[in-house]
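S.K.: Attaching a predicted model along with its sequence, questions to come.
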Amino acid sequence: MKAAERILIVEDDEGIRQALQDALELEGYLVETAADGRQALEQLQTTPYPALILLDLMLPFVTGWQVIEEVKRDKNHPVSKIPIVIASAAGDAALKAASQVEGYLKKPIHLDVLLKTVARYCGPARP
């Protein structure tokens with residue numbers, strides 16, 4: 001599987017995290033998950049890096065906003081180039097995030113919207 005097909009899902013709700021993972025893996029993407037922001041930052045210290053981060057904002061320990069700040073801190077580091085798409089039910093999140101991330105998915109996430117968004121950044125998982 002190509003590195004461009006790797007996705008990191010950062011979501012503290014196990015049911016949502018598992019549903020997103022299942023949907024994307026069925027499409028052929030390689031999915032890694034993190035249950036909180038701290039776990040996500042630890043995973044981003046190793047390579048290969050994901051091609052996309054799907055990020056919840058309301059996370060324990062380290063919030064999604066803190067993850068964004070940390071990832072985007074060093075513009076010369078390869079991690080800062082990873083597109084981040086927020087997945088949140090918070091209505092004002094899209095406005096706040098618009099200048100900091102590449103996209104926003106409103107929860108509940110519709111499968112077709114999820115797949116189109118992922119394909120935009122990762123390409124189709126299968127030929």
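M.R.: Everything's here; your move. The model shown is predicted, which means the values in this text are computed figures rather than measured ones.
S.K.: pLDDT-wise, which helix or strand of the protein ranks last?
M.R.: In the chain, no helix or strand scores lower on mean pLDDT, DSSP states H and E than helix 93-97, which sits at a mean of 65.
S.K.: May I have the phi/psi pair for the residue nearest the centre of the chain?
M.R.: Geometric centre of the chain, nearest residue: L54, 1.5 Å, by Cα atoms, centre = their mean. Phi and psi for L54, reported as degrees, to the nearest 10, are phi -100, psi 120.
S.K.: what comes into contact with the helix or strand containing V67?
M.R.: Following DSSP states H and E, one finds V67 within helix 64-73. Helix 64-73 is contacted from outside by 10, 37, 40-41, 44, 53, 55-59, 62, 79-80, 82, 84, 86, 88, 97, 100-101, using Cβ atoms under 8 Å, 6 or more residues apart in numbering. To be clear about C-beta, it is placed using only N, CA and C from the backbone, and glycine gets the same treatment.
S.K.: Out of those residues, which end up buried?
M.R.: Among these, the ones that count as buried by 16 or more other Cβ atoms under 10 Å are 10, 37, 40-41, 44, 53, 55-57, 59, 62, 79, 82, 84, 86, 88, 97, 101.
S.K.: what ranges do the helices span in this protein?
M.R.: Using DSSP state H, the helices found in the chain span residues 14-26, 37-43, 64-73, 93-97, 111-122.
S.K.: now the residue nearest to the centre of the chain, nearest residue through space, not along the chain?
M.R.: In space, and not counting its chain neighbours, L54 is closest to I9: 4.8 Å by Cβ to Cβ, 6 or more residues apart in numbering.
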